[in-house]
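Trainee: Need coordinates for the following:
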Amino acid sequence: MAVKRYKPTTNARRQSSVDTFSDITKFEPVKALTIFRSSKGGRNNTGKITVRHRGGGARRYTRIVDFIGNKFDMVATVSAIEYDPNRGARLALLKYADGEMRYMIMPSGLVVGETVMSSQQLIEAKPGNRMPLKHIPTGSVVHNIEIKPLQGGKMVRGAGNGAQLMAIENGMATLRMPSGEVRLVVADASATVGQVGNSDHNLIRWGKAGRTRLRGIRPTVRGKVMNPVDHPHGGGEGRNPIGMKFAKTPWGKHAHGVKTRDPKKYSSNFIVSRRVSKKKKK
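Mentor: Next up, the predicted model:
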């Protein structure tokens, strides 16, 4: 992927940049591998907004991505590289020896015509191949990592991300996550070798509100410009600080830097060291 910047013919163009899609080889998805899902606007099954600032946006078709890779020991050829409007990473269209086609998250360096394979045994550790962590060489970068065997990849699927396999001991694999967190994963869980492609995705500057609305993101209003009835930060004459010891949410709870993880969560035992916060790095 390459990022293009236009001449500053308008104020929005001066601030924005776009994806050139130069790595895309096929622009229409496989119809059998797509599903249309209407936008829920951040609402749950009872109609209440549980995620704010969602709604609108361009119509999207959901691509059915194979996160588990359960066609074991069968060679697949990369027939195309496609765009997915639902994620920053690209999708690789795989054609298996029996004629079936599936989508997978495209790792960096994979090109059309290459072959990949998924197996429960030891195979070559090249980008795109998938196997249990216990068979992957220590020090390798992996993505689309399972938490439980044959559950399907849950972690490290975003554009440009990759986790480093640090050690394998006592049936557990030690991984350094993209956030800096070091955690344990069952060594029988599978992962795909390589780093997720399209690493320049985070360099795109959206530039104007209209492009953000097309992504399905609605405007976010600051609490301090609201009235007291609408937000704890609201009220006052002119521009004011929040006037409190700590920032609050619209419902009066602590905000900014508050730990939200359940201390009794079962998976806490698998975290060797937590990620370092941005404030501590500074």
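
Trainee: can you tell me how far Thr260 sits from Gln195?
Mentor: Using C-beta to C-beta, to the nearest Å, Thr260 is found at 28 Å from Gln195. Quick note: C-beta positions are derived from backbone N, CA and C, even for glycine.

Trainee: Would you mind measuring from Ile64 to Arg130?
Mentor: Distance, Ile64 to Arg130, using C-beta to C-beta: 17 Å.

Trainee: ok, now Met226?
Mentor: Taking C-beta to C-beta, one finds Met226 at 49 Å from Arg130.

Trainee: of those two, who's got more company?
Mentor: Each of Met226 and Arg130 has its neighbours counted (other C-beta atoms under 10 Å); Arg130 has more, 26 against 15.

Trainee: Mind listing the residues bridging to the more buried one?
Mentor: Note on Arg130: beta-bridge partners by DSSP bridges are Ser118, Thr192.

Trainee: got a pLDDT number for it?
Mentor: The score at Arg130 is 96. That number is its pLDDT.

Trainee: so what's it up against?
Mentor: When contacts are counted by C-beta atoms under 8 Å, 6 or more residues apart in numbering, Arg130 touches Gly69, Val116, Met117, Ser118, Ser119, Asn144, Ser190, Ala191, Thr192, Val193.

Trainee: again, only this time at 10 Å
Mentor: Each residue near Arg130 by C-beta atoms under 10 Å, 6 or more residues apart in numbering is listed here: 66, 68-70, 72, 104, 116-120, 123, 136, 142, 144, 146, 153, 190-194.

Trainee: Give the buried subset of those as a PyMOL selection command.
Mentor: Selection of buried members from those for PyMOL, criterion 16 or more other C-beta atoms under 10 Å:
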select buried, resi 66+69+104+116+117+118+119+120+123+136+142+144+146+153+190+191+192+193+194
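
Trainee: What pLDDT does the model give the residue in the chain sticking out farthest from the centre?
Mentor: For the chain, the largest distance from the centre (C-alpha atoms, centre = their mean) belongs to Glu237, which lies 41.6 Å off. In this model, Glu237 is scored at 90, pLDDT.

Trainee: Wait, a strand at it?
Mentor: No. Glu237: not assigned to a strand; according to DSSP: H, G, I helix; E, B strand; the rest coil it is coil.
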